[in-house]
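Peer 1: model this:
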Amino acid sequence: MACFLVPATEAIVTTTIKKVIEKKEKAPVSVEVDLGKGKETVQPIPFSRKLKWLSNMLWGGSVLLAFEHLWHGEVTLYSPFLTAASNPQDLHAMLHEMATTGVSMAVLITVVWGGMVVVSNVMAKKALVKE
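Peer 2: Okay, the predicted model is just below:
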């Protein structure tokens, strides 16, 4: 019904934080690394770019879910946009779905992103150790 609103809200927050961090970050420092084919210049991935990964994942999932809900008639293009908001009994079901399904989707996406960040950090450290 409205589970896509939770990841969309997290996407708004992460996009805002990313913009603030981008302004505060300094230019990345280049490091020369020998990757076996000769020396190459490598720049560490800034945290703002890693936050952009999370933001893109959240926005993409939210848009796809919103389209799916629109397709099934749970969301309309006229007021009330959420069809469950027109009936008090459906409103309770909608809030329950947001609290369970929406939150678990947002948490899962964030956990997957955290795994991506850990893997990228490990790969960067291995490249620097080989130097």
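
Peer 1: Just say helix, strand or coil for E32.
Peer 2: Using DSSP: H, G, I helix; E, B strand; the rest coil, the structure places E32 in strand.

Peer 1: count of neighbours near the nearest residue to it once chain neighbours are set aside?
Peer 2: When the adjacent residues along the chain are set aside, E32 lies closest to K39, with 4.9 Å between them (C-beta to C-beta, 6 or more residues apart in numbering). C-beta here means a position set from N, CA and C on the backbone, and glycine is covered the same way. Residues contacting K39 under the criterion other C-beta atoms under 10 Å number 10.

Peer 1: hang on, isn't K39 packed against A127?
Peer 2: No: counting by C-beta atoms under 8 Å, K39 does not reach A127; the two are 11.7 Å apart.

Peer 1: could you say what helices and strands the longest helix anywhere in the chain packs with?
Peer 2: Longest helix of the chain, by residue count under DSSP state H: helix 103-129. Counting contacts by 3 or more C-beta pairs under 8 Å, 6 or more residues apart in numbering; DSSP states H and E, helix 103-129 packs against helix 5-24, strand 31-34, strand 39-42, helix 47-71.

Peer 1: now for those, which one comes closest to V111?
Peer 2: When the helices and strands packed on helix 103-129 are compared for distance to V111 using C-beta to C-beta, the nearest one is helix 47-71, at 10.6 Å.

Peer 1: and the closest one, what's its mean pLDDT?
Peer 2: Helix 47-71 shows a mean pLDDT of 94.

Peer 1: how near is W71 to A127?
Peer 2: 45 Å (C-beta to C-beta, to the nearest Å).

Peer 1: Name the residue in the two with the higher neighbour count.
Peer 2: A127 (16 against 9).

Peer 1: gap between the more buried one and W53?
Peer 2: Distance from A127 to W53, by C-beta to C-beta: 19 Å.

Peer 1: same check, this time on P44
Peer 2: From P44 to W53 the distance is 15 Å (C-beta to C-beta).

Peer 1: Skip the chain neighbours and tell me the closest residue to L58.
Peer 2: A11 (3.6 Å).
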